[in-house]
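Colleague: Task: produce atomic coordinates for the following.
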Amino acid sequence: MGRNSKRLSSTTGDDEDEQRSSKRQSFERDEPSDEDQSNAASDENDNYGDENANPEAEEEEEDVEDEQSSTPMDRERSDPAINAGIIKKVYVENFMCHRKFTVDFCRNVNFITGQNGSGKSAILAALQICLGAGARNTHRAGNLKDLIRKDGAANQPTAAIIRVALMNEGSDAYEPEKYGKTITVERTITKNGGFNGFKLLDENGTEVSRKKKDLHMMLDYLNIQVENPVAVLDQENAKKFLCGSGEEKFQFFKKATDLARIDSTYAATQDKLEDLTQSVERMNNTLSQKKLVVDEAKQKVKQQKEIDELKSKLQEVETMYAWSFHKVAAKEHWDAEQVVAKYEAKVKEREDELAEFEKAFSQNSTTDEETKRRRVMDDLIQQVQELTEQKQQLESQFRQQMVPIKQLEKEKQMLRKDRKEIEQQLLRAQQRLNEMRKQISERSGSKEAEQLKALNEAENELQQLKKENPEIKQAVSTSLRAYEELTNHVRDASSRVDTIQRQLGGIGGRLRNLNAASADSLSMLGPNVKKVCDAIQRHVSSGKFRGPVIGPIAHYIKVAAGKEKYAAIAEKALGRGMLDRFIVTTDEDRRILQNIRKDAGCKSDCGIIQTKNTARFSVMPFHIEGVERVCSVLIVENDLVFNTLVDNANIDRIALCDDKASSENLLYYVQDGRDAIRGPIQEVFYLPNGGKWTVKGGNKADILDGKALRQTLGVDKSELIAQTREEEMQLKKELQEARAEHNKLEHEHTELQRQWNQHKRHLRTNTDNTEKLINEISELRDQIEASANIEIDTNDQEQEIQELEREIEELDHKDGNFKEEIRNLMQGVEEVKASINECSERIDSVLEESKAAEEHLTQFLQNRTQHEDQLERKRQKLDKYRAAVDTSREKMESLKKDTLAALRQARLLTFQHRRASQNLERVAEGTEDVSDEPSEDDLDSIEPPDESNIREPAHYEAKMNKMRSKIEKEKQRRNISRDDRATAFEKYQRALDDFLNQRQLVDEVEAKIKVLEDDLRKRIHLRGNMQEHLEKFTDLKFKELLRLNHFQGSVTFDHEKESLDLRVSKSSDKKAVSKDVKNLSGGEKSYTQMCLILALGEKLETPFRVLDEFDVFLDAPTRKLTIKMLVHLALEKMSHRQFIFITPQDISDISSDPRLKILRMLPPKRHGVVGGPSQQTLNFSQAS
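Modeller: Have a look, this model is predicted:
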């Protein structure tokens, strides 16, 4: 518990209430005496004026020798909570014998020693004066002005300044948030006006308060009692205590324990209670008489009251009559306001509609828009012309390429005609040969006939084989070509299956990483990215990198707000391998990062880009509505990453659009017959599937890879997993389709291979059979020629047939060559023909776009005309509403004037009604009537009544007439005048107020007397318990301190005589006779008195104690023993307090201690002039 909650540590809970009461009275105790008030009237004030008496700023400050063993005074004790209230420093200026003087105190024990007149006691006086004591309490002067330094100089000081710095630390600190760790109290004493009072300063020397109340609150909180003789024992109190009688010691005891002040307070309270009781008795005697006067006056007022009530009701009805007219006028005004508001709302609505319409019209119907649309049409027409020219060129090229083909066709037809003629010649030759062989067969025998027959059959079969041979060769060639063409398709299908399988494998790995990884976004970029990042962080911590290492790039990219729909195609435009790359700026860092990639198991992932660290690039401005760039969709704050993406991904040259058609309309155009893209754009990506188109070499190229969009930027893990699974399902579907296509092609490929092999076997069989037949025919001819008796020779016919057959073979060979040549030429023709068809389709498409653009332009012009008509109609309608608003507002203003006039009349009547009631009260109170003319502010302050309670004016008019008639009849019957009513009411009110006030006063005083009597009895009882406890404790502590010097004794209290006697024996022997303290020697007596003072102070929870010249009557041995005891008690038993001992004696035999400080005052120098003051003055910085 802090010192602010109690003065004596052993008091009970009731005792604490007593002590709090004593604290509330401590301000009365601290007030200066009458003489002090006359000499320093400003001491009692809470606030003081500005200081106008400055000290001598040029004089130097005095100093003292500081004998301290090891540490300064701010050394803290083991319990820092008791550091509040300890004296740190005392500074005086022009005070008593000091010009300027500063003394720093130790936390525990301080000795101030010096010769008489050196200013020791002046330090104590400064401490007392600065902490609220009066001048007489210091026993150094009769008033404060006498404490200002005097010397023989011509210019006498006119003011003195005292500052006392107190520690303010620990749990008991006083308002530490305001004062800090140090509270400085400054007191100024002036002779001739100016600031004369107290200041409270914080630890920085800043003024906090000048109120004496704040000073007392601080002293009371810290329990600082400079007027308590036990806390501060000056020379006079020490002498009185040593030489005083038992009664004086008892009074000293009561003053030290605060019992004297409590007794004085209780006695004064008892006297006041007796005075209050007598006053109550006198007031009760007069109450009955005043009650009779009130009843009589009340009876006289009763008759007048009925008339007043009737008049009041009449005035109330008249007021309501006026308010009813105001209600009617207000209703009409409100209706007019609603009409105006309605028209104004219509005007506002029409104005907004017109403004919006004009805005839309200006946006959609501007000349620029028309020019733009016409320019689109011109561009489309120009494209048709260019495409038409291109088609004509292709048709010319087609005709030129068809010339050699047609020539070959003619030659082929001629060749076929020649072959047909040769076939007829061959047929005739064979017929002739057959006729000749028939003749030979008829002339020869059966054997020769059979040989001829076999020869004819063989030749016919050979002829048939030769006829089939070209067809078989053509079939072999055709099947081989189809087989080779299908082989490429099979290879492509197989490659596509392998590609989709690899993609599925990659997606499966990515899904496993995403499902197994934490929420770390690095896992979205691949399984090795986090390993590389961790390794980079370790190398950065060890300082191995020479420059910045940034990555992965995806961590430095954000999607711009409102542009999230372009994120996927922007990511596709960057490229698959860009987001997980890392950036370095030096070769050495690149080598280190390559080793990190290798250790992490990276292959194509986690790539490295080396670049220079330069200022952020400025990209070319480019803006077309509906067109975004990658650099506008993706936000890159890091300059190095931004520059890298500009250099390596062309983020400032890739456009992003909503669809292909809009991208071509906005960005594609033809210049000098060549395709081109507007602005700095090089590639254009468009939604929804991420297709793109570009222009290379003046030709537009469309590219659609068919891959699903995959987004990593701007999505969370769950969304990315869902996208990846969707992509996996799509790829599985594509893989199924690709495998089906591959299987189909494989089957067709196998079938073509089988057909090719079959045709090859057929050709080989045909060739073998032909050779076999030729050999067989040759043998048959040889056999026939061997027959010598045959007169008919068929060799010529046979040779002719053979020559014709060779010519047919040559013609067939030429025919095959013509077909091959025509087929080769037709490839180029087909390409030109395809180009012509494509050009025709483009012409048709552009013509359709041109037709649509023309329709859009026509519709645009029609819409603009319609909008202009609508705009004019809206303006005319707005003008009509504005005119209606003006007319309605004029009517509203007229009704407003009528309403205000009715309102003023109603308020005036209300004011007069209230003023009449007030005048009635004033007459009863004896004051004069006030004027009935109200001010505008008075009228404005009157609020109208609730409209629901106001009826029609006719109702109030009839009621007023009836009440006026009744009032006149009552006046005539009772003969009542205004003067009689005013006088009666005035007398009654005065009598009633007098009676009620006195009765209330009697009740309040009686209640207070009862409370005070009960509280006083309780406090007196508690005071007795506290005194009994203090007496027992003082006796026990006194005995304990005597035993330290082998003494015995006791303290005896005589309450009847109010005397305190001490009994002391010199020896510890129980048989030793106790003596009265008067019979002791001077040293023994001083020691005994010192023990009593210490015993009394044990219950005094003040933070410091000061003893001035406590040892003046001690002999040397006793003094040495006493000082030793004081030091021991202060350091060992009472280390939580600060002690200041002032003595003129030598204290060189005191043992040094870190907690003890000796301050030696310099010898005094005395100055004087004849007839002038002779007060001693200490100079600055004299050696001791």
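Colleague: The residue nearest to residue 825 when sequence neighbours are not counted is in what secondary structure piece?
Modeller: Nearest residue to residue 825, sequence neighbours excluded (C-beta to C-beta, 6 or more residues apart in numbering): residue 405, at 5.0 Å. Just so you know, the C-beta spots here come from the backbone N, C-alpha and C atoms, and that holds for glycine as well. Using DSSP states H and E, residue 405 maps to helix 367-443.
Colleague: Please verify my assumption that residue 279 contacts residue 1005.
Modeller: Yes. Residue 279 lies in contact with residue 1005 (C-beta atoms under 8 Å); the separation is 6.9 Å.
Colleague: same for the strand or helix carrying residue 989, what does it pack against?
Modeller: Using DSSP H and E, residue 989 maps to helix 978-1043. With contacts taken as 3 or more C-beta pairs under 8 Å, 6 or more residues apart in numbering; DSSP states H and E, helix 978-1043 sits against helix 13-24, helix 259-364, helix 795-925, strand 1048-1054, helix 1082-1097.
Colleague: looking at those, which is buried most?
Modeller: Of those, the one with the most neighbours on average (mean count of other C-beta atoms under 10 Å) is helix 1082-1097, at a mean of 22.
Colleague: average pLDDT for it?
Modeller: For helix 1082-1097, mean pLDDT rounds to 76.
Colleague: again, but for stretch 542-556
Modeller: 87.
Colleague: buried set for that stretch?
Modeller: 545, 549-556 (16 or more other C-beta atoms under 10 Å).
Colleague: what's the answer for stretch 1014-1024, then?
Modeller: Neighbour count says stretch 1014-1024 has 1019, 1022-1023 buried, by 16+ other C-beta under 10 Å.
Colleague: follow-up on the earlier one: after the helix holding residue 405, which helix or strand is next?
Modeller: Next along the chain from helix 367-443, counting by DSSP H and E, comes helix 446-516.
Colleague: list the helices and strands that following helix packs on?
Modeller: helix 367-443, helix 717-785, helix 795-925.
Colleague: now the helix or strand just after the longest one, how far from the centre of its chain.
Modeller: In other words, helix 795-925. Sequence-wise, the next helix or strand downstream of helix 795-925 (DSSP H and E) is helix 936-940. Counting by C-alpha atoms, centre = their mean, to the nearest Å, helix 936-940 is centred 50 Å from the centre of its parent chain.
Colleague: okay, residue 59: pLDDT?
Modeller: 39.
Colleague: again with residue 1011
Modeller: Value for residue 1011, per-residue pLDDT: 89.
Colleague: In contact with it: list those residues for me.
Modeller: For residue 1011, the contact set (C-beta atoms under 8 Å, 6 or more residues apart in numbering) is empty.
Colleague: Could you measure from it over to residue 233?
Modeller: 40 Å (C-beta to C-beta, to the nearest Å).
Colleague: Mind checking the helices and strands packed on helix 446-516 for the one nearest to residue 164?
Modeller: With C-beta to C-beta as the measure, helix 795-925 is the member of the helices and strands packed on helix 446-516 nearest residue 164 (57.3 Å).
Colleague: tell me what the closest one is packed against?
Modeller: Other helices and strands packing on helix 795-925, by 3+ C-beta pairs under 8 Å, 6+ apart, are helix 259-364, helix 367-443, helix 446-516, helix 936-940, helix 978-1043.
Colleague: Now find how far off-centre the second one is within its chain.
Modeller: It refers to helix 367-443. For helix 367-443, the distance to the chain centre is 83 Å (C-alpha atoms, centre = their mean).
Colleague: Repeat that for the longest one.
Modeller: On the basis of C-alpha atoms, centre = their mean, the separation between the geometric centre of helix 259-364 and that of its chain is 47 Å.
Colleague: Turn the helices and strands packed on helix 795-925 into TSV, including distance to residue 773.
Modeller: Compiled in TSV, the helices and strands packed on helix 795-925 are given as follows (distance: least, C-beta to C-beta, whole Å):
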stretch	distance to residue 773
helix 259-364	89
helix 367-443	15
helix 446-516	4
helix 936-940	139
helix 978-1043	156
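Colleague: To residue 837, which of those lies closest?
Modeller: helix 367-443 (9.6 Å).
Colleague: packing partners for the closest one?
Modeller: helix 446-516, strand 668-671, helix 795-925.
Colleague: I would like the residues contacting the shortest one, please.
Modeller: Meaning strand 668-671. Looking at what lies outside strand 668-671 - C-beta under 8 Å, 6+ apart - the contacts are 379, 382-383, 386, 675-678, 693, 695, 700.
Colleague: any idea of the mean pLDDT for it?
Modeller: For strand 668-671, the per-residue pLDDT averages 82.
Colleague: so what strands line up beside that strand?
Modeller: Here strand 668-671 is paired, per DSSP bridges, with strand 674-677 (antiparallel).
Colleague: Flag the shaky bits of the stretch 251-400 of the chain, pLDDT-wise.
Modeller: 300, 360-370, 372 (pLDDT under 70).
Colleague: any idea what sits nearest residue 849, other than its immediate chain neighbours?
Modeller: Per C-beta to C-beta, 6+ apart, closest to residue 849 is residue 380, 5.5 Å.
Colleague: oh, I was asking about residue 473
Modeller: residue 763 (6.3 Å).
Colleague: Test for you: state the pLDDT assigned to the one you found.
Modeller: Model confidence at residue 763 (pLDDT) stands at 81.
Colleague: for it, what are its contacts?
Modeller: Residue 763 makes contacts with 469, 472-473, 476, as judged by C-beta under 8 Å, 6+ apart.
Colleague: Now compare the residues you listed and name the two farthest from each other.
Modeller: Spatial extent of the contacts of residue 763 (C-beta to C-beta) is set by the pair 469 and 476 at 10.6 Å.
Colleague: follow-up on the earlier one: the residue nearest to residue 849: what's it in contact with?
Modeller: 846, 849-850, 853.
Colleague: what about the closest residue to residue 649 other than its chain neighbours, neighbour count?
Modeller: Closest residue to residue 649 apart from its sequence neighbours, by C-beta to C-beta, 6+ apart: residue 574 at 5.0 Å. Look at residue 574: counted by other C-beta atoms under 10 Å, it has 23 neighbours.
Colleague: measure residue 574 to residue 713 for me?
Modeller: Taken as C-beta to C-beta, the span from residue 574 to residue 713 is 9 Å.
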